[in-house]
Structure formats: structure tokens, C-alpha cells
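S.K.: pasting a predicted model and its sequence here:
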Amino acid sequence: MENRGTAPVVVDRPVVEVVDVVKSYPGAGVQALRGVSVAFAAGTFCAVMGPSGSGKSTLLHCAAGLDRPDSGRVLLAGQEIGGLREPKLTQARRRRVGFVFQAYNLIDSLSVWHNVLLPQRLAGVKPDRDWAREVLRRVGLDGRENDRPGRLSGGQRQRVALARALASRPEVIFADEPTGALDLSTGREVLGLLRESVDDVGTAVVMVTHDPSAAAWADRVVFLADGRTVAELADPTAEKVASQMMAVSVR
Ligand SMILES: Nc1ncnc2c1ncn2[C@@H]1O[C@H](COP(=O)(O)OP(=O)(O)OP(=O)(O)O)[C@@H](O)[C@H]1O
């Protein structure tokens with residue numbers, strides 16, 4: 001399905017809506033997003049793909065409220081976040097959003113347990129310890145609570161990052177190439193856990209990836225090129241994603 005206009009594809013129960021977002025980096029003379037409209041539905045898994053430099057990470061940062069667009073609107077659970085001043089924006093993000101980035105962003109001076117509880121503590125929320133224990137069990141890290149992240153493997157660190165994202169029961173998890181630094185089987189485990197959090201917990205996942213077989217774990221794939229959404233795929237397979245990527249890359 002081609003989506004060339006500025007009207008977002010309508011999804012049921014959107015948790016994040018990006019409407020006609022433009023974002024440039026004036027210092028670099030780059031317009032990274034040129035009027036992107038896309039919505040992400042609650043409890044679904046969406047992959048974002050596109051050639052290098054097409055604007056995927058910028059879209060993720062704007063959608064997650066980490067970056068402010070030059071124009072356009074971003075709604076998080078129906079609330080427009082563009083008008084929020086910093087403390088309120090941070091609060092909305094901490095309450096509703098989880099992040100899993102390739103660099104893990106774990107704090108090495110804290111144990112696994114304290115890393116997992118940190119976002120709730122920063123949000124001033126009393127941590128739900130039972131749920132934190134449950135998510136650590138789900139990601140296969142029970143017994144590692146007292147370890148420092150630096151002593152864990154890359155796959156285990158990524159699982160800590162995922163547990164940390166899940167621990168605050170976010171409505172949406174944004175993941176930027178969460179399997180990029182992992183070997184094939186560890187990558188599959190992490191994708192399985194993201195899928196499980198969608199199916200069992202009802203979290204929405206928005207994941208940037210370059211890998212068609214990772215995108216095939218999603219319910220839907222949105223393709224970007226030159227800062228615009230150019231195509232979508234529902235119920236993707238790795239083959240369909242790869243051939244759509246080829247089509248997008250030769251545009
Ligand atoms: N902080 C920044 N300052 C200047 N230019 C930037 C910045 N971040 C991104 N860009 C530029 O904006 C454009 C889109 O970058 P972005 O990282 O969003 O693309 P991407 O699709 O995620 O790329 P990749 O797949 O290589 O990670 C690129 O031309 C990039 O060089």
C-alpha cells in the first residue's frame with residue numbers, strides 16, 4: 001500500500017500519532033523528515049525501515065518526544081506533546097514510553113535490579129517490584145539482579161534494557177535497532193521478547209531495523225525514503241520486506 005499524502009494511515013486505537021512532521025538539522029543543512037504522517041496502534045508491533053539516512057531514527061526520536069519537530073504534531077495516547085514544556089514532556093514520556101536502543105544506555109555503576117527500577121524512580125513512581133521481578137524472569141535474567149551490566153554479554157545487556165523498558169508498563173516501547181549488535185540467535189530471542197510483550201502484555205512496539213527477518217516479527221512495516229513514508233506492508237514476511245526494501249532503495 002502506498003501512502004504518499006500527509007494524511008496518516010488510519011489505525012484502530014492509536015497510541016502514537018505523528019501528523020505532518022517536519023524536522024531539519026539546520027547546521028547540517030539536512031531536512032531529515034519532510035512531512036511524515038503515521039500512526040501506531042496500541043498493542044501492535046510495527047517495524048520502521050528505509051535506506052540509511054532516510055529519517056528512521058529521527059522519526060523515532062520525534063514520535064517518542066525525545067526531539068521536537070520543526071512543525072507538525074505528535075500525539076501520545078491522544079495528548080499532543082508538542083505544546084508541553086520540558087518537565088511535563090519528560091513526565092509523559094516516563095509514564096507512557098519505554099526505550100530500547102542499541103547502545104543499551106545502562107548505568108554501569110548500578111546493578112541490573114536498580115537499572116530496571118531507575119525509570120520509575122526518576123518518574124517519582126513507587127516501583128512495582130513484583131512486576132520488575134516478573135519481567136526479569138520473562139527475559140531470562142532472574143538470579144542476575146545484583147550483577148553490574150558491564151559483566152554481562154551484549155545479549156544479556158539488551159535483555160536488561162528490555163526489562164527496564166517493560167518494568168514501567170509503558171503503552172509503547174520504541175526500539176532503535178535492538179538486535180543490531182547481537183548474534184543471530186540472541187537477536188531472535190530479543191525479537192521474541194518484544195513480540196511477547198505485544199501479545200501477552202499489550203504493549204505497542206515501534207522498532208527501527210535494517211534487517212528484513214527482524215521486521216518479519218512485526219504486524220506491519222512502514223518504509224521511509226528521503227524523509228517521507230513511501231510504503232507500508234501488513235503481515236510481513238522477510239521475503240516481502242526484502243523486495244519492498246529493494247523497491248524503496250532504487251527510487
Ligand atoms: N543530530 C543530527 N545532526 C545533523 N544531522 C543529523 C542528525 N541526526 C540525523 N541527521 C541527518 O538526518 C538524516 C536522517 O538521519 P536518521 O539518523 O534519522 O536516518 P536513519 O534512516 O535512521 O539512518 P541510519 O539507517 O543510517 O541510522 C541524515 O541525513 C542524517 O545525517
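M.R.: Nice, I can see it.
S.K.: rest of the way, CA atoms for contacts and neighbours
M.R.: Fine.
S.K.: list the contacts for the residue nearest in space to the middle of the chain?
M.R.: In the chain, the residue lying closest to the centroid (Cα atoms, centre = their mean) is residue 174, at 1.5 Å. By Cα atoms under 8 Å, 6 or more residues apart in numbering, the contact list for residue 174 reads 60, 64, 97-101, 205-207.
S.K.: following the chain onward from the helix or strand containing it, which element is next?
M.R.: Assigned by DSSP states H and E, residue 174 belongs to strand 172-176. Going down the chain from strand 172-176, the next helix or strand is helix 184-196, by DSSP H and E.
S.K.: so how far is that following helix off the chain centroid?
M.R.: Mean C-alpha position of helix 184-196 versus that of the full chain (Cα atoms, centre = their mean, to the nearest Å) differs by 14 Å.
S.K.: what about the closest residue in space to residue 70 that isn't next to it in sequence, neighbour count?
M.R.: Nearest residue to residue 70, sequence neighbours excluded (Cα to Cα, 6 or more residues apart in numbering): residue 23, at 5.1 Å. When counting by other Cα atoms under 10 Å, one arrives at 24 neighbours for residue 23.
S.K.: which residues does residue 23 contact?
M.R.: Neighbour list for residue 23: 31-34, 58, 68-71 [criterion: Cα under 8 Å, 6+ apart].
S.K.: recalculate using a threshold of 7 Å.
M.R.: 31-34, 69-70 (Cα atoms under 7 Å, 6 or more residues apart in numbering).
S.K.: which one of these sits closest to residue 51?
M.R.: residue 32 (12.4 Å; Cα to Cα).
S.K.: that closest one: which element?
M.R.: In this structure, residue 32 sits in strand 30-41 according to DSSP H and E.
S.K.: go on, residue 239?
M.R.: Using DSSP H and E, residue 239 sits in helix 238-249.
S.K.: quickly check: stretch 64-84 near the ligand or not.
M.R.: No. Using Cα under 6 Å from any ligand atom, stretch 64-84 stays clear of the ligand, with a minimum separation of 9.9 Å.
S.K.: contacts for that stretch, please.
M.R.: With Cα under 7 Å, 6+ apart, stretch 64-84 has contacts from 15-24, 61-63, 89, 93.
S.K.: from these, which two are the most distant?
M.R.: Maximum pairwise distance in these, criterion Cα to Cα, is 24.6 Å, between 15 and 24.
S.K.: related to what we said a few turns ago, so for the strand holding residue 32, what gets flagged as buried?
M.R.: Under the neighbour-count criterion of 16 or more other Cα atoms under 10 Å, strand 30-41 has 31-41 buried.
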